[in-house]
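Trainee: Pasting the sequence and the predicted coordinates here, then a few questions.
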Amino acid sequence: MQMKYVVGLLFILILGVSCGKERNLVPNVPVNFSSPLTDPRLSRLSTAGGAVSLTGYGVAGLIIYRRADNAYVAYDRCSTVNPEQKNPINIDDPNLTATDPVSGAKYSLYDGSPVKAPAKTSLRQYSVTIAGNTIQVTN
């Protein structure tokens, strides 16, 4: 009799956990951007702290950021707050953060982490490769 209660309780617990709210995540779409670093669209990347925004890639566009350690990082511009709406974030001035103009969420460009509510999830990050004078962003 005791075992039935334990099994029943365990079943209810598993059912409750599995029916939890799903996390809204930015969809995973193919990304393949490649361009010479001399491309005028990328001129702001010539110095550390520079950031550029590009449309036509990813879910809502790309943001490429050159960190102070001269490493490049790239993120999808799609806000992680209600990603099904595909709201593009905008680079702030100075180029340390980016903001979702719809929700007010703010993200660090250094690592894509949320820095202001209602954002709870980091931006979708892509791989960046520098080969010679060419930058490539892929996933």
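Mentor: Cool, the structure landed. Here the structure is a predicted model, which means the values were calculated and not measured.
Trainee: What segments of this protein are strands?
Mentor: For the chain, strands defined by DSSP state E occupy the ranges 32-36, 51-54, 62-66, 72-76, 90-91, 97-99, 106-108, 114-116, 125-131, 134-138.
Trainee: Out of those strands, which is closest to residue 45?
Mentor: Closest to residue 45 of the strands of the chain is strand 62-66 (C-beta to C-beta; 4.9 Å). No exception for glycine: its C-beta is placed from N, CA and C like everyone else's.
Trainee: Need the CA coordinates for the closest one. PDB is fine.
Mentor: Extracted C-alpha coordinates of strand 62-66, given in PDB (Å, rounded to 0.1, in the frame of the first residue of the first chain):
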ATOM      1  CA  LEU A  62      23.500  40.300 -36.800                       C
ATOM      2  CA  ILE A  63      25.500  42.400 -34.400                       C
ATOM      3  CA  ILE A  64      29.300  42.000 -34.600                       C
ATOM      4  CA  TYR A  65      31.300  43.500 -31.700                       C
ATOM      5  CA  ARG A  66      35.000  43.900 -31.300                       C
END
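Trainee: Can you give the distance from that strand to the centre of its chain?
Mentor: In terms of C-alpha atoms, centre = their mean, to the nearest Å, the centre of strand 62-66 is set 11 Å apart from its chain centre.
Trainee: let's have the chain start at 53 instead
Mentor: I'll keep to 53 as the first residue from here, and by that count the last item is strand 114-118.
Trainee: Which residues outside it are in contact with it?
Mentor: The contact list for strand 114-118 (C-beta atoms under 8 Å, 6 or more residues apart in numbering) reads 83, 85, 94, 97, 99-106, 124-129, 141, 143, 147, 150, 161-162, 175, 178, 180, 187, 189.
Trainee: Show me what counts as buried in stretch 156-163.
Mentor: 157-162 (16 or more other C-beta atoms under 10 Å).
Trainee: out of the strands of the chain, nearest to residue 78?
Mentor: Using C-beta to C-beta, the strands of the chain put strand 124-128 closest to residue 78, at 5.5 Å.
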